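> Quick one, structure for this:
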Amino acid sequence: MKSTANFLKDLLFDILGGILFSLGYYTFSVNGGFAPGGVSGIALLLHHLTDAPVGLLTIGLNIPIVLFCARSLDRGFLLRSIRTSLVCAVLMDGLFPLLPAYNGQPILASLFTGLTAGAGMGIIYSRSSPPEAWILSPR
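This next block holds a predicted model:
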């Protein structure tokens, strides 16, 4: 029963953090004309070149990193990281393209990206499951 409760709590934190993370990246960065750092930032650059979905590109870029790290990471941590990546990708590709994007000043878009994506990362990290290639860093 305890593991089910932990799983549901982790999933809730993944969804809440993923909403904020995706809000920051998709709503503000896509139209802001810039790409934040990390794998999601590279995915945004590729999105501008190919018009492919950002979340799908993020998952595709994370696959080699996950395969590289699979032997050295704790299995539970690795599975939580994969789950979190999938939650963020589904939110980024499934929900946020349906919502209006920010079209204001790029400096404000950058600020809002940092605030919302950073808050989302904080929520996700509070349950120890990173959403992208930061799985390389030690716990």
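> Please list the residues outside the worst-scoring helix or strand of the chain on mean pLDDT that contact it.
Ranked by mean pLDDT, DSSP states H and E, the weakest helix or strand in the chain is helix 30-32, scoring a mean of 81. With Cβ atoms under 8 Å, 6 or more residues apart in numbering as the test, helix 30-32 has contacts from 44, 47, 54, 101, 102, 103, 106, 109, 110, 113. Any C-beta I mention is one placed from the backbone N, CA and C, and that applies to glycine too.
> could you redo the last one with a cut-off of 6 Å?
Residues outside helix 30-32 that contact it (Cβ atoms under 6 Å, 6 or more residues apart in numbering) are 101, 103, 106, 109.
> can you check stretch 91-101 too?
18, 22, 26, 27, 31, 53, 54, 55.
> which among these gets closest to residue 78?
Distance ranking of the contacts of stretch 91-101 against residue 78, using Cβ to Cβ, places residue 18 first at 18.0 Å.
> Just give me the neighbour total for the nearest residue to residue 122 once chain neighbours are set aside.
With Cβ to Cβ, 6 or more residues apart in numbering as the criterion, residue 122 has its nearest non-adjacent residue at 7.5 Å, and that residue is residue 17. Neighbour count of residue 17, defined by other Cβ atoms under 10 Å: 26.
> which residues does residue 17 contact?
Contacts of residue 17 by Cβ under 6 Å, 6+ apart are 120, 123, 124.
> Compile these into JSON lines and extend it with columns for neighbour count.
Below are these laid out as JSON lines (neighbours: other Cβ atoms under 10 Å):
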{"residue": "120", "neighbour count": "24"}
{"residue": "123", "neighbour count": "19"}
{"residue": "124", "neighbour count": "26"}
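> and which of those residues is nearest to residue 3?
residue 124 (19.4 Å).
> Quick check: the closest one vs residue 9, distance?
12 Å (Cβ to Cβ, to the nearest Å).
> same deal with residue 84?
Residue 84 sits 13 Å away from residue 9, taking Cβ to Cβ as the criterion.
> Look at those two and report which has more neighbours.
Neighbour count, other Cβ under 10 Å: between residue 84 and residue 9, residue 84 has more, with 27 against 11.
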